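> how would this look folded up:
(one chain, ligands or ions: 2)
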Amino acid sequence: MAARVIAQQRKFWRTAGEFGEGWAEASGKLRLAAEEGADWPAVGDWVALELHGASSPAMIQEVLPRRSKFVRKVAGKKIAEQVMAANVDVALLVCALDADFSPRRVERYLAQCWESGAKPVIVLNKADACDCARERVDEMKPVALGVEVCAVSAKTGEGFGELNEFLKSGQTVVLLGSSGVGKSTITNRLLGEAVQEVREVRENDSKGRHTTTARELFRLPCGALLMDTPGMREFQLWDAEEGVSQTFTDIDELAERCRFGDCHHEGEPGCAVSAAVDEGTLDQARLENWQKLLREQEFLRRKVDPEARADQKEQWKRMHRAVRNMYQQREKDGGKR
Ligand code: GDP
Ligand code: ZN
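Ligands and ions are numbered 1, 2, ... in the order given. Take a look at the predicted model:
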């Protein structure tokens, strides 16, 4: 039968389904597959579960295909993917409207979110502590590129009506954002009175002792499921090349109009990106952040993938050759650009 993973403790998964809730183990077949590189079940996963009554543990037979996943790559003998969260529908990217307000950080979270397959919504929290929330929302527009932006205050409840429209019953939601932006406070407000009951699993262990476990996926009063896993709290941008390009479609489109196919947008002749910065239609800080995120991607790729390192060397060689040719061409042209 189908069940959903709502918490994980090492090689035990808490599953919920029509039968109720219970801990499950991985079947022999699943273990074998995982040892050969398949994913272990993660919080949010739908799994095929075989129940064995009260006497023996339920077994997870397989992980059903995922709609979305937040992954982390772990370097080892082989590069392995670790799924931090599965089947997230909506990611609320939280940023605070205080001194920490940073469109650049939102870009980072957007990249991560697009990469996962979840739909992003930008949430600007602490509206009560800011006189210019509306201006900030407008400031976010060229960063959001069509993604919804809403200003809220977890302290006063302002804006939560609008926020709730993004939290449809049955959808799985996750809060992303740096520490201190108000994720816990938002969670508590969304939970209302129900805080403890919905967040904890209480049961008796085999010796009859009382135990509690934190649920990592729980139902909000509005019917949406909120995912709050330790892994996601520390989630870092990782392997999100696709996501970076989806976040910066405006720059990607400009870059297609650069004269050179491998333009670095650093003052090369015929660079459409630099021209947009000069005209004031593209924010210099946004361009720099894009370049930074791409460099980071490249760095991470080389760290986990020695082959990419060799590729990179080859690329540098090609680039040096191209630059040399460009200078030679310029000299021929009599030093004109
Ligand atoms: P987290 O680290 O993202 O979970 O952030 P917290 O929820 O722990 O909040 C960090 C701090 O910001 C706490 O002192 C909260 O009381 C405060 N805070 C959270 N939301 C708001 C808000 O809407 N307005 C104001 N003024 N403070 C808030
Ligand atoms: Zn360019």
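
> sec struct for Ile60, please.
Three-state call for Ile60 (DSSP: H, G, I helix; E, B strand; the rest coil): strand.

> contacting residues for it?
Ile60 is in contact with Trp13, Thr15, Ala24, Glu25, Ala26, Ser27, Leu30, Pro41, Val47, Ala48, Leu49, counting by Cβ atoms under 8 Å, 6 or more residues apart in numbering. Using the backbone N, CA and C atoms, a C-beta is placed for each residue, glycine as well.

> of those residues, buried ones?
Trp13, Thr15, Ala24, Ala26, Ser27, Leu30, Pro41, Val47, Leu49 (16 or more other Cβ atoms under 10 Å).

> closest one to ligand 2 out of the residues you listed, please.
Ligand 2 lies nearest to Pro41 out of these, by Cβ to the ion, at 44.4 Å.

> contact partners for the closest one?
By Cβ under 8 Å, 6+ apart, the residues touching Pro41 are Val5, Gln8, Trp13, Ala26, Leu30, Val47, Ile60, Val63.

> show me where the stretch 151-300 of the chain dips below the pLDDT cut-off.
For the stretch 151-300 of the chain, residues meeting the criterion pLDDT under 70 lie at 196, 233-239, 300.

> picking that back up, quick check, nearest of the buried ones among the contacts of Ile60 to ligand 1?
When the buried ones among the contacts of Ile60 are compared for distance to ligand 1 (Cβ to the nearest ligand atom), Trp13 wins out at 25.5 Å.

> looks like that closest one contacts Val5 (just checking).
Yes. Trp13 is within contact range of Val5, at 4.9 Å (criterion: Cβ atoms under 8 Å).

> hey, what's in contact with both of those two?
Contacts common to Trp13 and Val5, judged by Cβ under 8 Å, 6+ apart, are Pro41, Val47.

> now the helices for the stretch 101-250 of the chain?
Per DSSP state H, counting those that start in this stretch, the stretch 101-250 of the chain carries helices over the ranges 103-116, 133-144, 160-164, 183-191, 195-199, 230-233, 241-247, 249-255.

> and Ala54, how many residues sit next to it?
Number of residues near Ala54 (other Cβ atoms under 10 Å) recorded here: 6.

> so it lies in a strand, does it not?
No. Going by three-state DSSP, the assignment for Ala54 is coil, not a strand.

> contact residues of the stretch 151-300 of the chain facing ligand 2?
Applying Cβ under 5 Å from the ion, we find that the stretch 151-300 of the chain lies next to ligand 2 at Cys258, Cys263, His265, Cys271, Val273.

> now with 8 Å, please.
Counting by Cβ under 8 Å from the ion, the stretch 151-300 of the chain comes close to ligand 2 at 254-255, 258-260, 263-266, 268, 270-274.

> pull out the buried residues from these.
Among these, the ones that count as buried by 16+ other Cβ under 10 Å are Leu254, Ala255, Cys258, Cys263, His264, His265, Glu268, Cys271, Ala272, Val273, Ser274.

> so does stretch 86-97 get close to ligand 1?
No. Legend: contact between stretch 86-97 and ligand 1 by Cβ under 6 Å from any ligand atom is lacking; minimum distance shown is 6.7 Å.

> and that stretch, what's its mean pLDDT?
Average pLDDT, stretch 86-97: 95.

> only the C-alpha atoms, please, for stretch 133-151, written as CSV.
Extracted in CSV, the C-alpha atoms of stretch 133-151 (Å, rounded to 0.1, in the frame of the first residue of the first chain):
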residue,chain,number,x,y,z
ALA,A,133,7.4,47.2,2.6
ARG,A,134,5.6,48.2,-0.6
GLU,A,135,8.8,49.6,-2.1
ARG,A,136,10.7,46.5,-1.1
VAL,A,137,8.1,44.3,-2.9
ASP,A,138,8.5,46.4,-6.0
GLU,A,139,12.3,46.2,-5.6
MET,A,140,11.9,42.4,-5.7
LYS,A,141,10.0,42.4,-9.0
PRO,A,142,13.1,42.3,-11.2
VAL,A,143,14.5,39.5,-9.1
ALA,A,144,11.3,37.5,-8.9
LEU,A,145,10.6,37.6,-12.7
GLY,A,146,7.0,36.5,-12.3
VAL,A,147,7.3,34.6,-9.0
GLU,A,148,4.7,35.8,-6.5
VAL,A,149,6.0,38.1,-3.7
CYS,A,150,4.1,38.7,-0.5
ALA,A,151,5.0,40.9,2.5
